[in-house]
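**Student:** Output the structure for:
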Amino acid sequence: MANAASGMAVHDDCKLKFLELKAKRTHRFIVYKIEEKQKQVVVEKLGEPTNSYEQFTACLPADECRYAVFDFDFVTAENVQKSKIFFIAWCPDTSRVRSKMIYASSKDRFKRELDGIQVELQATDPTEMDLDVIRSRAI
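**Tutor:** Residues are numbered from 1 along each chain as shown. Here you go, the predicted model:
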């Protein structure tokens, strides 16, 4: 069972959409979901380049785990426009124990597939990934 839980395949679309976000900036965010029956990680939702951080967080279910990538634009203290790609492991306390275990055991393997992540964040509650936290981690 342990092997099955950590052996989640990664759908090709996951990497493809991530490369689009990273290189072409065609997406603001990507929400990924583990399909337990198919034993693979798939793209659940893509955010438009104009979407806000609030629109992104609204896409995360309140009681289910997800992986997400968010392209965060910010201005440094030196007034330089920058962007950082965040990987967020969303695992709310209210999600099923089995789901938390599968997401936790598959996270590192999945993250390795996405080359170019600059900041990783683990969140069990919306306050752990609010905009102030993102801003402070980006700088």
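
**Student:** for the residue positioned nearest the centre of the chain, helix, strand, or coil?
**Tutor:** In the chain, the centroid-proximal residue (CA atoms, centre = their mean) is Ala68; its distance is 1.4 Å. The local conformation at Ala68, judged by DSSP: H, G, I helix; E, B strand; the rest coil, is strand.

**Student:** For it, name its beta-bridge partners.
**Tutor:** Val31, Ile88 (DSSP bridges).

**Student:** you'd agree it is up against Arg28?
**Tutor:** No: contact criterion CB atoms under 8 Å: Ala68 and Arg28 do not qualify, at 11.0 Å. Yep, even glycine has a C-beta here, placed from its N, CA and C like the rest.

**Student:** Just the pLDDT for the residue nearest to the centre of the chain.
**Tutor:** On the pLDDT scale, Ala68 is placed at 98.
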